[in-house]
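**Q** This is a predicted model, with the sequence first.
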Amino acid sequence: MLYKKSQIYIVHHIKYIILYIFKLYNITMVNIEKISIMNPWWSKGKNFWYADIDISTFNDKQTFIEFERLNAFYKKLKPNNIFLIKGPRRVGKTLLLKLLIKRLLDEGLPPLNIFYFSFDSMITKKELYNMLKDFLIRPTQNQKYILLDEVQSVDGWEEIVKILYDSGMLTSSVVVVTGSISHLLKSEMLPGRGVEGNTVFLRPLSFRDFVIGLISDVKSHYGVNRVNKILGYEFSDQEMENLYTYLEGNSINLEENLKDIYKKMQEIMPYSIPILKLFDIYLNTGGYPISINDYLYHSYYRNKEEDTFGISNFIYEEIYNYAKQDAAIIGGNSKGDPNKASRIIEGVINKVGMAISYSSIAKKASMNTSTVINYFDRLQNSFVFSLIYGINKSFIDMEKRKIYFSDILMHYACGAASSGTSGYTYTINMLNSSSVGTIVEELVLSNLIKTKEKDPMRTYEKFIKFYNDNGEIDFLYKTDRGNYIGIEVKYKNSVQSSKIKKIKGISDYLILSKDILEPIDNGFIIPVSLFLLLLKKSEYDL
């Protein structure tokens, strides 16, 4: 009882402090309680993180791996610039902002120089303008940080930022805007206002980042025995150190000679057993940090007599609900229908990796074709789907397209909702069936997308295609030189290279196998786990 009373006293005390600050600086009062709750460092200083739900969850015992992604972004930050972070829900955008706040405070920035607002709490354009203007007019000797989280919920947010930028009020400020709907965070919305080249993606982790993050945290905090218990493999300290050192100094990109890529595969092949075991975990979890940590926690602490293995079902439910809800948002107004988004999702569950037409989906979903096209765009823009387009033997774009989920966890979440099973049951069923090849193919695409996408000029649809003309090749990857590399996923114990489709005009091929490493005519067969482990991502993908 005394604890509850002290909590009430603290809340009221914070509100009085914030009211005093607002009166002191003549700030327009826009829902003081809401703002004070979202900016606890104003009263608590750098100790705010003890009570912050995002950071306290991050520091919880169930968080096995931290997956540090702040450093790369932090180096980009500079005043009089606006930075856009795009990525799906639950991938860690809010946590990234909170960790940024913690770092700024640790480095001595005054707490009142940081303003954070989450637009999951709806406000109007006028309220947004008043909040930001009043924050910016406070006199200070240091630069300020304005952090606007999930801003797609406010229609016209960019107009307010434009006004403040054009008035010169952002000269000494860093503005960071996050959102889970891609087309509502385009740099063209703020032309000439310090945003060009400042758009980055925060997507689910690549396999390379997953492995490096796991080994790094094991080395730093836990010791090798903890990961050995999860893997069922006797990793030695030296073996882990050697693998980590190699990964730090070596990577591949598809702009280099395939012979050099094959050489690196040979160098890392001695570690193939633990890498395959790590890949099995990644196949279960996808790239979401929350699902990875939940899986690792249950794997480590599970009681074999109890059904505690896998991933908590609420994670799948959250991912699915956000997927259909975000697809219904247009500029802050819920003009769309989550149920229609759900029907589109159900219509493609069994068509992943196949060439499809909008009319066939329309028929299955009982909608007209224009509505289906509209919702496909929504689902792609909200990071639920990834669509790639076909080209024919003359390298001309075709009407055909293939659809994949943006991450395999998204696939599992949507598939479980459509089938009425639990998320982990659906996952196990997929991985233990012939569908595992489709899952791996989907995984390859999600990792390829991260390699060189730069919004808005180089979206992944421009450098990843598929061949569909008298045969099919899973992916055609267009290099900066203008030539294509044929990439075929054959997640099998044996691969017959003679059955791989060859196209006139394409001389380089990579066949991604389960565990085969050998040269073939015009290319190489390499294990998909080794390929993804070494595949380097773009600087624009955090």
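**A** Thanks, I have the structure now. None of the values given here were measured: they were computed from a predicted structure. Residues are numbered from 1 along each chain as shown.

**Q** Give the rounded mean pLDDT of stretch 87-97.
**A** Across stretch 87-97, the average pLDDT comes to 90.

**Q** what's it in contact with?
**A** 54-55, 58, 67, 69-70, 73, 85, 116, 118, 147, 149-150, 176, 178, 180, 201-204, 288-290, 315, 318-319, 322-323, 326, 382-384, 406-407, 410, 542 (Cβ atoms under 8 Å, 6 or more residues apart in numbering). C-beta: built from backbone N, CA, C; applies to glycine.

**Q** Got a ChimeraX select line for the buried ones in those?
**A** Buried residues among the contacts of stretch 87-97 (16 or more other Cβ atoms under 10 Å), as a ChimeraX selection:
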select :55,58,67,69,70,73,85,116,118,147,149,150,176,178,180,201,202,203,204,288,289,290,315,318,319,322,323,326,382,383,384,406,407,410,542
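
**Q** Show me the contacts of stretch 87-97 that map onto strands.
**A** Those of those mapping onto strands are Ile85, Tyr116, Ser118, Leu147, Asp149, Val176, Thr178, Phe201, per DSSP state E.

**Q** farthest-separated two in those residues?
**A** Tyr116 and Phe201 (21.0 Å; Cβ to Cβ).

**Q** What is the burial count for Gln238?
**A** 9 (other Cβ atoms under 10 Å).

**Q** Give me the distance between it and Leu128.
**A** The gap separating Gln238 from Leu128 is 55 Å, by Cβ to Cβ, to the nearest Å.

**Q** Likewise for Tyr477?
**A** According to Cβ to Cβ, Tyr477 stands 41 Å off from Leu128.

**Q** mind checking the SS state of Tyr145?
**A** Recorded secondary structure, Tyr145: strand (DSSP: H, G, I helix; E, B strand; the rest coil).

**Q** Low-confidence stretches in the stretch 51-200 of the chain?
**A** Across the stretch 51-200 of the chain, the ranges flagged by pLDDT under 70 are 56-64, 121-122, 183-195.

**Q** where exactly do the helices run in it?
**A** Applying DSSP state H, counting those that start in this stretch to the stretch 51-200 of the chain gives helices spanning 53-58, 70-74, 93-106, 125-136, 157-166.

**Q** Please identify the buried residues of the longest one?
**A** It stands for helix 93-106. Under the neighbour-count criterion of 16+ other Cβ under 10 Å, helix 93-106 has Lys93, Thr94, Leu95, Leu96, Leu97, Lys98, Leu99, Leu100, Ile101, Lys102, Leu104, Leu105 buried.

**Q** repeat for stretch 321-331
**A** Buried positions in stretch 321-331, judged by neighbour count with 16+ other Cβ under 10 Å: Tyr322, Ala323, Lys324, Gln325, Asp326, Ala327, Ala328, Ile329, Ile330.

**Q** Please tell me how far that stretch is from the chain's geometric centre.
**A** 16 Å (Cα atoms, centre = their mean, to the nearest Å).

**Q** residues in contact with that stretch?
**A** Outside stretch 321-331, the residues that touch it by Cβ under 8 Å, 6+ apart are 88-90, 152-153, 155-156, 180-181, 184, 334-342, 345, 375, 378-379, 382, 384, 410, 413-414.

**Q** Spatially, what comes nearest to the spatially most central residue of the chain if we skip its sequence neighbours?
**A** When Cα atoms, centre = their mean is applied to the chain, the residue found nearest the centroid is Arg203 (1.4 Å). Excluding its sequence neighbours, the residue lying closest to Arg203 (Cβ to Cβ, 6 or more residues apart in numbering) is Gly87, at 5.4 Å.

**Q** Against Val200, how distant is the one you found?
**A** Distance, Gly87 to Val200, using Cβ to Cβ: 9 Å.

**Q** Quick check: the residue nearest to the centre of the chain touching Lys450?
**A** Yes: if you go by Cβ atoms under 8 Å, Arg203 and Lys450 touch, sitting 6.4 Å apart.

**Q** Overlap in contacts, these two.
**A** Residues touching both Arg203 and Lys450 (Cβ under 8 Å, 6+ apart): Asp541.

**Q** And Arg254, how far from Leu510?
**A** In this structure residue 254 is Leu, not Arg. Taken as Cβ to Cβ, the span from Leu254 to Leu510 is 8 Å.

**Q** list residues touching both of those two?
**A** Both Leu254 and Leu510 are contacted by Ile261, Ile485, under the criterion Cβ under 8 Å, 6+ apart.

**Q** More neighbours: which of these two?
**A** A side-by-side neighbour count of Leu254 and Leu510, using other Cβ under 10 Å, places Leu510 first with 23 against 20.

**Q** mind listing what that one touches?
**A** Taking Cβ under 8 Å, 6+ apart as the test, what Leu510 contacts is Leu258, Ile261, Ile485, Gly486, Ile487, Glu488, Gly523, Phe524, Ile526, Phe531.

**Q** go with 10 Å
**A** Neighbouring residues of Leu510 by Cβ atoms under 10 Å, 6 or more residues apart in numbering: 254, 258, 261-262, 475, 477, 485-489, 520, 523-526, 528, 531.

**Q** Of the buried residues of stretch 321-331, which one scores lowest on pLDDT?
**A** Lowest pLDDT among the buried residues of stretch 321-331: Ile330, with 60.

**Q** picking up where we left off before, list the residues that contact the residue nearest to the centre of the chain.
**A** Contact analysis of Arg203 by Cβ under 10 Å, 6+ apart lists 86-88, 91-92, 209, 287-288, 383, 406-407, 446-447, 449-450, 453, 537, 541-542.

**Q** Remind me what whichever strand or helix holds Ile525 packs against, helices and strands.
**A** Assigned by DSSP states H and E, Ile525 belongs to strand 523-527. On a contact count with 3 or more Cβ pairs under 10 Å, 6 or more residues apart in numbering; DSSP states H and E, strand 523-527 meets helix 258-268, helix 272-285, strand 484-490, strand 508-513, strand 518-520, helix 528-534.

**Q** Would you mind listing the residues touching both of Gly87 and Val200?
**A** Common contact partners of Gly87 and Val200 (Cβ under 10 Å, 6+ apart): Asp541, Leu542.

**Q** So, low pLDDT: which residues of the stretch 201-350 of the chain?
**A** For the stretch 201-350 of the chain (pLDDT under 70), the answer is 219-223, 302-309, 330-334.

**Q** could you pull out the helices for it?
**A** Listed in chain order, the helices of the stretch 201-350 of the chain (DSSP H, counting those that start in this stretch) span 207-217, 224-231, 237-249, 258-268, 272-285, 289-301, 313-326, 338-348.

**Q** what does the stretch 351-500 of the chain give?
**A** Under the criterion DSSP H, counting those that start in this stretch, helices of the stretch 351-500 of the chain are mapped to 358-365, 369-381, 408-419, 423-431, 436-449.

**Q** Gly45: neighbour count?
**A** 11.

**Q** What of Ala362?
**A** Ala362: 18 surrounding residues under other Cβ under 10 Å.

**Q** and what of the one 10 residues further on?
**A** For Val372, the tally of surrounding residues (other Cβ under 10 Å) stands at 23.

**Q** Report the contact partners of it.
**A** 340, 343-344, 347, 357-365.

**Q** Over to Leu532?
**A** 206-208, 210-211, 275, 279, 282, 440, 443-444, 446-448, 512.

**Q** Quick check: the closest residue to Glu441 other than its chain neighbours vs Gly482, distance?
**A** Distances taken as Cβ to Cβ, 6+ apart place Val489 nearest to Glu441, at 4.3 Å, with adjacent residues excluded. According to Cβ to Cβ, Val489 and Gly482 sit 24 Å apart.
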